[in-house]
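Q: Sharing a model that was predicted from the sequence below.
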Amino acid sequence: MKFGGNWHDYVIEKERERTRLTSALDQAKRERDAAIEHRFEQRERQEKRNRRGVKAAARGDIPRIVAGGRKRQAQVTSGKRDTALVNRAEAAVHKAREALSQVKVDPVMYADLLGHELPAQKLVAEADGFNIRFNDWIFATDVDFAWRGNVRIALKGANGSGKSTLLKALMGTLFETRGHLNRGNLVTLYLDQRGSVLDEDASVLDNIRAVSADNESGIRNDLARFLFAGDAVFQKVRDLSGGERVRAALARGLLGTQKPELMLLDEPTNNLDLANIEFLENVVAQFHGALIVVSHDQRFLDNCGIDAEFVL
């Protein structure tokens, strides 16, 4: 059962608020830059006046002590005024930036969207002396693990240690191997930073149509929950930004007729802005099934409720 409410209007209003605050931040930055430029110009003018005063004092037009006093007084007065102006402008930028950062793009979901919970003994994956070969064996030592139920695991290790390759093996990609890897028979959502599960040449709407039995009206209403409102659903995937691709891939995985039981995330926050990272965190934290994540972003892992790690 979906929650009630006009989510399309909700999304539109959120976007209007973000646009307004972004414009306010841009204006504050322009005013700050103008204040800094004004201070620079005032200093140049004061320096010119000082040089004229020095020349006048040298000619004897005014006493040197008077010229020096005028110079010091002008510098103090101008400096205080210009510094105060720049400080106020800088404070306005900070205030505008803070206001923008508070506009969270929260996903509005319905109860049965976020995957299926697994029984405690349901197999996710298990490995026994498992390794993968390219030119050489990719894991420094053969791996062993047994993951069952609603595990929430971070795969860790140095760059090149095979984290992403292991995720692909868990997706069923065929490699030259030794040992054994058994995968549970689970509906799986794989999400990387490129949204590679998406059809590049199709629209956001058509990508969901390919996996959903719902009608267009229902799909468009659900896509608004992923911040694709109005004509945004007709955008081609190849034209989407990084954050839009991640949201579209999430929508494809979560709006299909088969709800995922396992979510595999491969560095999904790379190149995402704060708003889209928060969106992704909110979805992943509420996901009901098993979760295996590759990420160097410890804050993201903490916010997603990761409670175990496996180091390669």
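A: Yes, it's here. Residues are numbered from 1 along each chain as shown.

Q: which residues in the protein form helices?
A: 7-59, 64-101, 163-170, 204-209, 216-224, 242-254, 274-286, 298-303 (DSSP state H).

Q: neighbours around Lys48, how many?
A: By other CB atoms under 10 Å, the residues close to Lys48 number 10. In this view, the C-beta of every residue, glycine as well, is placed from N, C-alpha and C.

Q: Please name the residues that touch Ala308.
A: Contacts for Ala308 (CB atoms under 8 Å, 6 or more residues apart in numbering) come out as 151-154.

Q: run the last query once more with 6 Å
A: Each residue near Ala308 by CB atoms under 6 Å, 6 or more residues apart in numbering is listed here: Ile153.

Q: just Ile153 next, same as before
A: Ile153 is in contact with 292, 308, 310, counting by CB under 6 Å, 6+ apart.

Q: most packed of the helices of the chain?
A: helix 242-254 (a mean of 23; mean count of other CB atoms under 10 Å).

Q: Give the burial count for the closest residue to Ile138 other than its chain neighbours, as a bare number.
A: Nearest residue to Ile138, sequence neighbours excluded (CB to CB, 6 or more residues apart in numbering): Gly162, at 4.2 Å. Neighbours of Gly162 under the rule other CB under 10 Å: 21.

Q: how much space is there between Gly162 and Leu155?
A: The gap separating Gly162 from Leu155 is 9 Å, by CB to CB, to the nearest Å.

Q: and Glu117, what are its phi and psi?
A: When read as degrees, to the nearest 10, the backbone of Glu117 gives phi -70, psi 140.

Q: I figured it was touching Gln286, is that so?
A: No. Glu117 is beyond contact range of Gln286, at 11.7 Å (criterion: CB atoms under 6 Å).

Q: Domain ranges for this protein, per the record?
A: Taking automatic domain parsing as the reference, the chain has its domains at 7-101, 123-311.

Q: CSV for those domains, including mean pLDDT?
A: What follows is those, written out as CSV (pLDDT from 0 to 100):
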stretch, mean pLDDT
domain 7-101, 71
domain 123-311, 91
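
Q: quick one, longest strand in this protein?
A: strand 123-133 (DSSP state E).
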